[in-house]
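> A predicted structure for the sequence below; I have some questions about it.
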Amino acid sequence: MQNKVLSPEKQIEQQKDYASRQRKDVGLADDTLFVLGMRDVYYKSEANALADVIDNSAEAGSTFVHIIYNTDEKGKIEEIAILDDGCGIDESFLPHAIRWGASSRHNSRNLYGRYGFGLPTASIKYGTKYSVYSRTDSAKPFNVVTVDISQLGVGEKLELPKVKQDFLPAWIQNYVDSQDSLKGKSISTVVLWSNRDSLVYPNIKASITHVMRHLGIVYHSILLSSCKMYVQGNQVEPIDPLFLTESARHFDINSTRATDHSIPTIKIRDKNGEYHDVNIRISALDHSAYNAEERSVSGRLSKPRKSLREDYMGIFVYRNGRFIDTYKWDKISWQSYARQIGISIDFPAELDEVFGITPQKQTIAMGEEVEQILIKANLLGAYRSLYNRIQTERSQIKAARDAIKLTSDVTVRASELAFAKIDSKRPSKPKSQKSAEEASKNLQRKAKEISAVTGRSEEEERQQLETMLLSHPYKIEAHHGGPTVPFFTPEQIGPQTVVWLNTGHRFYTDVYGMLGEKDVAIRAGIEALLVALARGELSKGDMDRVFYMNERAAWSEDLARALELIPNILSKEDTWEEAIAMDPAQNDFDDLESIRESKEEI
């Protein structure tokens with residue numbers, strides 16, 4: 001999509017026209033409470049707020065944007081300034097530039113702006129004072145207006161600030177003079193944020209890192225074409241979160257790259273029934289590419305692709321090439337393996353209403369109509385195909401690890417050994433026909449996965465695997481199945497009974513996973529209970545097996561609810577007393593009624 005920037009002359013003409021049509025006594029806003037309430041508008045961080053201001057710089061045709069900080073001796077941020085070389089703001093329009101809803105580009109869909117809320121809202125979100133310095137002629141001094149909401153009194157009529165002429169603050173001018181990238185260039189507009197009191201990243205080092213990455217993602221298309229951005233003198237590199245753009249960061253790490261699986265452009269109708277092109281890109285990272293390590297400037301090794309996908313989970317949604325937000329479509333998983341798949345949607349501003357864009361350009365709300373169009377375009381089909389491919393690769397990697405385990409010592413838990421000893425004295429109930437068939441298929445599947453790694457025949461691997469499993473007939477393993485999946489799942493792999501503990505269920509996070517080294521006996525007891533239940537379920541066939549599976553799902557749901565309530569219940573003093581009183585070492589349940597009666601008498 002081609003960006004459309006109006007000429008400086010046209011923009012100045014629009015500004016003058018807007019200013020000439022305004023009442024002389026127009027205020028800053030309807031009332032003070034409105035202004036103060038705008039501080040509660042949601043931004044994920046100051047990086048998102050900065051982007052709302054930088055949008056104006058891009059609209060003004062800036063070829064560069066500099067973000068700089070003024071800090072105390074400990075690196076705590078006190079002020080932030082955004083500098084650009086755009087067309088500037090005419091003196092007549094400058095007071096209106098800081099009004100909510102006042103915009104010479106009202107309802108414009110040429111580039112990024114539209115609503116006229118960005119500058120004032122972003123500027124007071126994380127502080128109480130801001131100023132705008134601007135000029136349309138570099139030979140003339142700056143005009144400046146200042147807003148300080150800490151000085152506003154409730155019920156006062158809010159007047160537009162007076163335009164004054166002033167020099168840039170010394171710390172900003174010193175930065176301009178020290179930068180080689182600004183030699184011979186003119187600054188048109190500076191937005192200065194002062195009295196920063198609630199930054200998400202109050203320290204300059206953390207802020208620079210966060211802001212550079214976010215702006216690299218938000219503006220990666222114009223960073224590659226028309227505008228350079230700097231944060232405290234460091235140039236922002238474009239970041240394509242799908243890692244398909246050759247000139248963007250993380251495209252190639254240690255000779256690993258993402259593969260392109262994009263689908264053809266689709267068309268979506270706007271509210272007037274006109275069709276517009278929507279571009280959909282899809283990429284995939286194999287295991288090595290996803291986990292590829294890159295050395296940072298500080299010398300530390302990191303996994304930038306993995307880190308980015310963990311921080312930005314969902315479909316990357318762009319408006320006119322500008323990143324808005326990630327959309328977590330409920331038909332797609334965004335956990336674990338799915339993060340190796342990248343999806344982006346880029347739509348024109350004419351479809352704002354269809355995609356539910358908010359004034360802060362941070363969130364979107366795709367309706368059912370858009371989702372159905374995406375399904376028809378085979379977006380889900382492409383995703384599932386890639387997901388299956390990634391699952392196969394992950395299985396092969398796990399098989400490789402299993403192959404290594406075959407030649408190494410196998411750790412046996414006390415609970416696993418206990419049931420092995422029980423079976424040696426009194427064999428467990430025979431597996432049902434269905435369980436026996438599943439055991440054989442699972443054994444063959446594992447042997448096939450290991451064979452693909454070792455190069456030996458499937459039959460050879462099956463025999464070796466079966467021998468190993470016979471010596472280790474019970475196994476407790478962990479897997480992440482999410483909060484709605486049963487807290488444990490039994491599986492028979494040849495002669496081995498595996499009990500999978502769901503690390504996403506409250507049973508694991510709130511109970512089992514909280515046990516330490518000193519609680520080994522309790523841990524073994526819990527495992528033994530689950531092995532006993534698993535043995536019983538696997539011995540059943542047909543409808544009995546289905547019954548147990550349904551019951552296990554019901555137990556898991558009830559258990560999760562109970563574990564959610566227990567902390568609140570135990571936080572009450574009376575409940576603690578009752579819990580102690582019900583301890584079987586001290587009382588039996590028949591005594592509970594008498595305990596309650598004695599409390600009522602007191």
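Great, that's in hand.

> Name the surrounding residues that touch stretch 65-74.
Applying C-beta atoms under 8 Å, 6 or more residues apart in numbering, the contact partners of stretch 65-74 are 50, 54, 57, 77-84, 169, 171-172, 175, 179, 182, 204, 207-208, 211, 215, 227-233. C-beta here means a position set from N, CA and C on the backbone, and glycine is covered the same way.

> how about it: buried residues?
65-71 (16 or more other C-beta atoms under 10 Å).

> Please convert the buried members of the contacts of stretch 65-74 into PyMOL selection syntax.
The buried residues among the contacts of stretch 65-74 can be selected in PyMOL (16+ other C-beta under 10 Å) with this line:
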select buried, resi 50+54+57+77+78+79+80+81+82+83+84+169+172+175+179+182+204+207+208+211+215+227+229+230+231+232
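
> Keep only those of the contacts of stretch 65-74 that are in strands.
Mapping those onto strands (DSSP state E) picks out 77-84, 228-231.

> Would you reformat these as a markdown table and include distance to Ile476 and pLDDT?
A markdown table is the format used below for these (distance: C-beta to C-beta, whole Å; pLDDT from 0 to 100):
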| residue | distance to Ile476 | pLDDT |
| --- | --- | --- |
| Ile77 | 49 | 96 |
| Glu78 | 54 | 96 |
| Glu79 | 56 | 97 |
| Ile80 | 52 | 97 |
| Ala81 | 58 | 98 |
| Ile82 | 56 | 98 |
| Leu83 | 60 | 98 |
| Asp84 | 60 | 96 |
| Lys228 | 56 | 96 |
| Met229 | 52 | 97 |
| Tyr230 | 54 | 97 |
| Val231 | 49 | 97 |
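
> quick check, nearest of the residues you listed to Tyr327?
Nearest to Tyr327 among the ones in strands among the contacts of stretch 65-74, counting by C-beta to C-beta, is Met229 at 25.1 Å.

> Name whatever forms a beta bridge with that closest one.
Val65 (DSSP bridges).

> so who does it touch?
Met229 makes contact with 54, 64-67, 215, 219, 223, 235-236 under the criterion C-beta under 8 Å, 6+ apart.

> Pick out whichever of those residues sits closest to Ser150.
Ile67 (23.5 Å).

> Check that closest one and give its pLDDT.
For Ile67, the model assigns a pLDDT of 98.

> if I've got this straight, it is in a strand?
Yes - note on Ile67: a strand contains this position according to DSSP: H, G, I helix; E, B strand; the rest coil.

> Okay, it and Leu374: tell me how far apart.
35 Å (C-beta to C-beta, to the nearest Å).

> so where's the protein uncertain?
1-3, 22-33, 101-116, 153-158, 297-298, 358-362, 403-410, 427-429, 571-602 (pLDDT under 70).

> nearest residue to the residue nearest the centre of it other than its sequence neighbours?
Nearest to the mean C-alpha position of the chain, by C-alpha atoms, centre = their mean, lies Tyr312 at 3.4 Å. Spatial nearest neighbour of Tyr312, chain neighbours left out: Thr326 (5.1 Å); criterion: C-beta to C-beta, 6 or more residues apart in numbering.

> Please parse this protein into its domains.
As assigned by automatic domain parsing, the chain contains the domains 8-235, 259-385, 409-544.

> Out of those domains, the one nearest Glu557 is which?
domain 409-544 (7.9 Å).

> Thought Lys328 was touching the residue nearest to the centre of the chain, still the case?
No - Tyr312 lies out of contact with Lys328 (C-beta atoms under 8 Å); the separation is 10.7 Å.

> Among the ones in strands among the contacts of stretch 65-74, which pair sits farthest apart?
Across the ones in strands among the contacts of stretch 65-74 (C-beta to C-beta), the longest gap, 26.0 Å, separates Glu78 and Lys228.

> now Asp519: how far from Gly513?
According to C-beta to C-beta, Asp519 and Gly513 sit 11 Å apart.

> before we move on, what about Ala562?
Counting by C-beta to C-beta, the gap from Ala562 to Gly513 is 17 Å.

> Ok, Asp270 next?
50 Å.

> Over to Asn48?
Counting by C-beta to C-beta - Asn48 and Gly513 are separated by 34 Å.

> higher neighbour count, those two?
Using other C-beta atoms under 10 Å, the more surrounded residue of Asn48 and Gly513 is Asn48, with 21 against 14.

> Name the SS class of that one, please.
Secondary structure assignment for Asn48 (three-state DSSP): helix.

> what two of the contacts of Met229 are the furthest from one another?
Across the contacts of Met229, the longest distance by C-beta to C-beta is 14.6 Å; it joins Ile54 and Gln235.

> Direction included, what does the top strand by length along the chain pair against?
If you go by DSSP E, the chain has its longest strand at strand 275-284. Strand 275-284 has its sheet partners listed here by DSSP bridges as strand 259-260 (antiparallel), strand 266-269 (antiparallel), strand 341-347 (antiparallel).

> Can you name the element that comes right after the longest one?
Moving toward the C-terminus from strand 341-347, the first helix or strand encountered (DSSP states H and E) is helix 352-355.

> Can you give me every residue that contacts Asp197?
Neighbouring residues of Asp197 by C-beta under 8 Å, 6+ apart: 126-128.

> 6 Å instead?
By C-beta atoms under 6 Å, 6 or more residues apart in numbering, the contact list for Asp197 reads Gly127.

> Next: the one 3 residues further on.
For Val200, the contacting residues are 45-46, by C-beta under 6 Å, 6+ apart.

> Pull up the gap between it and Tyr312, please.
Distance, Val200 to Tyr312, by C-beta to C-beta: 16 Å.

> one step back: how about the residue nearest to Tyr312: which residues does it bridge to?
Beta-bridge pairing for Thr326 (DSSP bridges): Phe316.
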